[in-house]
Every structure is written in structure tokens, then in C-alpha cells.
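**Student:** Predicted model follows, preceded by the sequence.
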Amino acid sequence: MPSEAPQLSVVLCTHNPRADYLDRCLVALKAQTLAPERWELLVIDNVCEPALAARPDPSWPAGARIIREDALGLTPARLRGIREAAAELLVFVDDDNAPAPDYLEVALRVAAEKPFLGAWSGACEPEFDAPPPAWMRRYWGHLALRQVDHDQWSNLARSPETLPCGAGLCVRRDVAQHYLMLNRTGQRSFQLDRTGASLVSGGDQDLAACACDLGYGVGVIAALHLTHLIPAGRLTLDYQARLAEGIYYSAVILAFLRGSERELGEYRVRWTHVVRALLAQGPHRRIQLACLTGRRRGLAQVAQMARA
């Protein structure tokens, strides 16, 4: 660790990662153009077996810290990273992400040039292990894939056009601390993130939306690029249906936690939604029905939380 506090903390949360994907991520981080003394790498070992510290690996960037977090789940791992981070800017990277060489340099530049932004990310481009089926193209957003042609931002916590994604998410320290407070005080008793094999999601959106809680904006930046490594198992209809159900289930709960009555109303399942799903062709029928199942499950969970 350098004698002075780093300007940027990279938080890499991982649970039993694919070795070649993790290696690609670490190689991409080692290749960053930002001078090594200006940033730190915190690798949060979230119940990996065997533990990451027991795996000799020459690809670790110099000065990387491996921190064991024994509470299973991406949320506890992120919270541990926030508590351990020393910098004023945090960048969250997944173990299947390969950031472009200038990712950290651009992230710091955005922090300086756009002080009104509290959270931002960029383009997320795919690298598939196998060619994806043609029908899946419309669901690429479910895999956090995103093209960004120009910068966009707003002060709307739930606008899909400007809300950053978790892959390469950049947040200011006070935004991350606000998210930590919400969890510490019990205002986020429901984990909106992956836990083991669960496909629940949304914690990254909640973290980014904390920027708006503090009066910042959120945005997407065209100059930020990373590659999302996608295994063949995520291209199957079974996985895509499970993923769609988890995404919509989580979205309903997040709307409730963020007090969005309008958005909650939009998730109510009406007969027209069911008819539209049943009329869908091929794999789209199963995925649309899975979306409706997720919405129903989410609304049932919200009703239970409201009674508690």
C-alpha cells in the first residue's frame, strides 16, 4: 500500500469464480493506464472454496489485498468492500469483467469533471463462449450488456436510460457510505443481490440510486468500456427464464424499498399481460411468463414486508 491514500479503490467481489475469467479480469486490471500508486485493489473473497489466499497466482496486481467475507452474498461482499476502501472513488468490478485499459483513468476524470454525478458506469460489451441464439438478442439487457453512444445523466433514481449498471459501477465515497448506512440500520433487510445460485438482483441499482438520495445525479459515460465474459450456460432458455424471473422479482421489491408507488402500480399483473405472454412465440413465451411469475412473487413479497 502507498503511504498516501489512493485516489480510487477497485472492489472486486467474487464467489467461486471461473479461473480463466478471473485471470482475464486481473490481467485487465494490471494493464490499466492509471499509475499503480493512484489506486488500490480489494478482492473480496466471498466464501470461495478453496480460499483465494490459498491459491498461488502470479497474475495478482501488485499490492492487491485479498479480504475474506464469510457472509454469503454479493451484498455482504460489496458492503465489506465499502468498509475497507480507502479512496474517495470506488469502482466495482465483477470477476467476469475485463475493463478497458483506460477504465480507471476515465473514471477518475469523470469524477473531477462532473462533480454533480454521484454514480456512473459505461458501455458493457459481450464476449460469448459460444454463439448466442438469435432469439436472445432482445434479452441482452438482462445480462447487463449495454451500448453507450453518448453521455447521459439525470437526477432520476429509477430511469433506465441513465441508471448505471453494476459492471464497472463508479460511486463516490459518500454515496457508498449512504448505502452502507441503509444496510446497517435495517432499511435494507432484504438482500437485492446474488446469493449462491440465486438470480435475485438489483443491489447495484439501489447503490447507484443512493446518489440521488444525496442530491447527485446518475449517468452513463460513453468513454467507459468493459467486456462482460459470458459462458455458454447463460445462453440457454432455462437460464434466461430463471434470470428474467429473478430480475422482475427484484425490481418489484426495489420499487417498494425506494417508495415508488407509481412503479409498483406498473408491475401489477393484468389479464392483458397474461394474454400477451401466451400469444408470444417460441422461447419468448416462456421468458415472458417467467417475467410475470417474478412480478407476482415480488408483489407477494412486498405485501408480506408491508405487514411486517
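**Tutor:** Good, I have the coordinates.
**Student:** what's the distance between residue 295 and residue 148?
**Tutor:** Using CB to CB, to the nearest Å, residue 295 is found at 28 Å from residue 148. From N, CA and C alone the C-beta is placed, and that goes for glycine too.
**Student:** Who are the contact partners of residue 173?
**Tutor:** 85, 87-90 (CB atoms under 8 Å, 6 or more residues apart in numbering).
**Student:** Closest to residue 225 out of those residues?
**Tutor:** Set against residue 225, the nearest of these by CB to CB is residue 89 (17.8 Å).
**Student:** which residues touch that closest one?
**Tutor:** 7-9, 107-108, 111, 170-173.
**Student:** 6 Å instead, please
**Tutor:** With CB atoms under 6 Å, 6 or more residues apart in numbering as the criterion, the residues that contact residue 89 are 8, 111.
**Student:** and it, bridged to which residues?
**Tutor:** Beta-bridge partners for residue 89, by DSSP bridges, are residue 8, residue 172.
**Student:** Apart from its neighbours in sequence, what residue is nearest residue 17?
**Tutor:** Leaving out its chain neighbours, the residue that sits closest to residue 17 by CB to CB, 6 or more residues apart in numbering is residue 95, at 4.1 Å.
**Student:** Now do that neighbour, the pLDDT please.
**Tutor:** The model reports residue 95 with a pLDDT of 96.
**Student:** mind checking the backbone torsions on it?
**Tutor:** Dihedral pair for residue 95: phi -80, psi 0, per degrees, to the nearest 10.
**Student:** Same check on residue 69?
**Tutor:** When read as degrees, to the nearest 10, the backbone of residue 69 gives phi -120, psi 110.
**Student:** wait, it sits on residue 42?
**Tutor:** No. With contact defined as CB atoms under 6 Å, residue 69 does not reach residue 42; the gap is 10.5 Å.
**Student:** Tell me who's in contact with residue 51.
**Tutor:** residue 45.
**Student:** what about 7 Å?
**Tutor:** 45, 68 (CB atoms under 7 Å, 6 or more residues apart in numbering).
**Student:** Please determine how far it is located from residue 94.
**Tutor:** Where residue 94 is concerned, residue 51 sits at a distance of 19 Å (CB to CB).
**Student:** One more: residue 281?
**Tutor:** 33 Å.
**Student:** Which one's more surrounded, the two?
**Tutor:** Using other CB atoms under 10 Å as the criterion, residue 281 and residue 94 rank with residue 94 on top: 23 against 7.
**Student:** What backbone torsions are found at the more buried one?
**Tutor:** Dihedral angles for residue 94 - degrees, to the nearest 10 - are phi -90, psi 160.
**Student:** Isn't it up against residue 169?
**Tutor:** No. Counting by CB atoms under 7 Å, residue 94 does not reach residue 169; the two are 9.5 Å apart.
**Student:** can I assume residue 293 sits in a strand?
**Tutor:** No. Judged by DSSP: H, G, I helix; E, B strand; the rest coil, residue 293 forms no part of a strand; its state is helix.
**Student:** tell me the contacts of it?
**Tutor:** residue 245.
**Student:** quick one: the helices in the stretch 101-250 of the chain?
**Tutor:** 103-113, 173-184, 203-213, 237-257 (DSSP state H, counting those that start in this stretch).
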